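Trainee: based on what follows, work out the 3D shape:
(one chain, ligands or ions: 1)
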Amino acid sequence: MTATAGRLVSGATAEIVDGPDDICAPLCRVEEHPHCHEATVPERDRRALALVAAALGRPVGTGDRFVLDGMIRARLRAAYRDGAFEPACALCEWQPLCRDIAAGGYAGTLFRAADEPA
Ligand code: SF4
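Mentor: Numbers count the residues shown, from 1 in each chain. The predicted model follows:
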């Protein structure tokens, strides 16, 4: 995860994919019942994609590629902090952790440029 976050912060292109991404896929290979294969996940992903598009003000779909620059990070983080992603995250077991991270201003997270406050 650290390496992936570092590449993205450095300007690597991200691609919207169906199913587990580069962060989740390694866990899916070693866990007996991976979270990403739960029946609720595709619907959650579909909702999340629609909400990301709304937060960015443009269509976003599978196969789209873009750089997660400071402006996009700020928009998505503000949207999450303000509850915009609640419809997609409602069934997720990680939601309390994600809410705490957002409420804390994303302090200590890996996905920030060198000139952003920690
Ligand atoms: S609560 Fe967090 S981990 Fe769960 S779907 Fe939402 S953003 Fe992802």
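
Trainee: residues touching the closest residue to residue 27 other than its chain neighbours, list them.
Mentor: Counting by CB to CB, 6 or more residues apart in numbering, residue 34 is the residue found nearest to residue 27 once chain neighbours are left out, at 6.2 Å. C-beta here means a position set from N, CA and C on the backbone, and glycine is covered the same way. By CB atoms under 8 Å, 6 or more residues apart in numbering, the residues touching residue 34 are 20, 24, 27-28.

Trainee: and residue 34, how close does it get to residue 49?
Mentor: According to CB to CB, to the nearest Å, residue 34 and residue 49 sit 20 Å apart.

Trainee: the lowest-mean-pLDDT helix or strand in the chain packs against which elements?
Mentor: Using mean pLDDT, DSSP states H and E, the weakest-scoring helix or strand in the chain turns out to be helix 25-30, at a mean of 86. The contact analysis (3 or more CB pairs under 8 Å, 6 or more residues apart in numbering; DSSP states H and E) places helix 25-30 against no helix or strand.

Trainee: start the count at 245 instead of 1 going forward.
Mentor: New numbering, starting at 245: the last item is helix 269-274.

Trainee: what about this structure, any weak spots by pLDDT?
Mentor: 358, 361-362 (pLDDT under 70).

Trainee: residues from it in reach of the ligand?
Mentor: 288, 329, 333, 336, 338-339, 342 (CB under 6 Å from any ligand atom).

Trainee: reformat those as JSON lines; add distance to residue 253 and neighbour count.
Mentor: JSON lines is the format used below for the residues of the chain next to the ligand (distance: CB to CB, whole Å; neighbours: other CB atoms under 10 Å):
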{"residue": "288", "distance to residue 253": "25", "neighbour count": "17"}
{"residue": "329", "distance to residue 253": "21", "neighbour count": "23"}
{"residue": "333", "distance to residue 253": "23", "neighbour count": "18"}
{"residue": "336", "distance to residue 253": "24", "neighbour count": "17"}
{"residue": "338", "distance to residue 253": "21", "neighbour count": "10"}
{"residue": "339", "distance to residue 253": "24", "neighbour count": "13"}
{"residue": "342", "distance to residue 253": "19", "neighbour count": "14"}
